[in-house]
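Q: whatever this is, show me its structure:
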Amino acid sequence: MNIIIKELSNDLFFATAKMLTELMNYHRKLTNAPKEYWQTNEESEKTLREWINEGSIYNIFSDETPVGFFYVRLGGQNVAWLEDMFILEDYRGNGFGKFAMKKLDELMIEKKVVAMFVDVIPRNTSAIKLYKECGFDHLNLIQLRKNYDEKLNKDENIDILGFDFKKY
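A: Below is the predicted model of the structure:
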């Protein structure tokens, strides 16, 4: 198996948008969001166009087959944000994520980035595990959420720094 990372090309735009839909709906499934909040391919195409203007998208390949992507955005003070990373379900657990993170690290060092940030929803424990294994070991920011649609409320609680929150 040969894992390759390449910057998004025009011929992979729609395949990547479809993977973006899978990523967004994977998050919605993790949080038990009602189907009315699930993302469509058309919404993902629009989002991907915005991402192209704001950062860089890289496809992850197994030989010639695109199996995932990551989106990184550079910011001021030589920092970067790993905005999203996705591996198709059939390819998860085979080292694609770790390989992509290694290549991303090389890119960031090449660009003289001094720190990278990533946001993860608390229910995405597999992503948290991957990021922790890849060196993300500083808690930087805690994002709080207030739901106005009661269907989005959760029952499971989590203690963060002595505060009780619903685990999203």
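
Q: quick check: beta-bridge partners of the spatially most central residue of the chain?
A: In the chain, the C-alpha nearest the mean C-alpha coordinate belongs to Asp84, at 2.3 Å (CA atoms, centre = their mean). Asp84 has these beta-bridge partners by DSSP bridges: Tyr71.

Q: now do the contacts for it.
A: Listed by CB atoms under 8 Å, 6 or more residues apart in numbering, the contact set of Asp84 reads Leu20, Leu23, Phe69, Phe70, Tyr71. To be clear about C-beta, it is placed using only N, CA and C from the backbone, and glycine gets the same treatment.

Q: which of the residues you listed lies closest to Ile57?
A: Tyr71 (5.0 Å; CB to CB).

Q: how much space between that closest one and Asn59?
A: According to CB to CB, to the nearest Å, Tyr71 and Asn59 sit 11 Å apart.

Q: any chance you could map the strands in this structure?
A: Taking DSSP state E as the criterion, the chain carries its strands at 3-7, 56-62, 65-74, 79-87, 115-118, 157-160, 163-166.

Q: follow-up on the earlier one: among the contacts of Asp84, which one sits closest to Thr31?
A: Among the contacts of Asp84, Leu23 lies closest to Thr31 (CB to CB), at 13.2 Å.

Q: the closest one: what's it in contact with?
A: By CB under 8 Å, 6+ apart, the contact set of Leu23 is Asp84, Phe86.

Q: from Leu48, how far out is it?
A: For Leu23 relative to Leu48 (CB to CB), the value is 11 Å.

Q: let me know the pLDDT of the nearest residue to Met116 once chain neighbours are set aside.
A: Counting by CB to CB, 6 or more residues apart in numbering, Ala80 is the residue found nearest to Met116 once chain neighbours are left out, at 4.6 Å. At Ala80, the predicted lDDT confidence score is 97.

Q: burial count for Ala80?
A: Neighbour count for Ala80, taken as other CB atoms under 10 Å: 21.

Q: does it touch Ser56 like I think?
A: No: Ala80 is beyond contact range of Ser56, at 9.6 Å (criterion: CB atoms under 8 Å).

Q: which neighbours do the two have in common?
A: Shared contacts of Ala80 and Ser56, defined by CB under 8 Å, 6+ apart, are found at Val72, Arg73, Leu74.

Q: return a selection command, for use in ChimeraX, containing the buried ones of those.
A: Listed next is the ChimeraX selection for buried residues among the shared contacts of Ala80 and Ser56, using 16 or more other CB atoms under 10 Å:
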select :72
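
Q: if anything else comes up later, I'll come back, but that's it for now.
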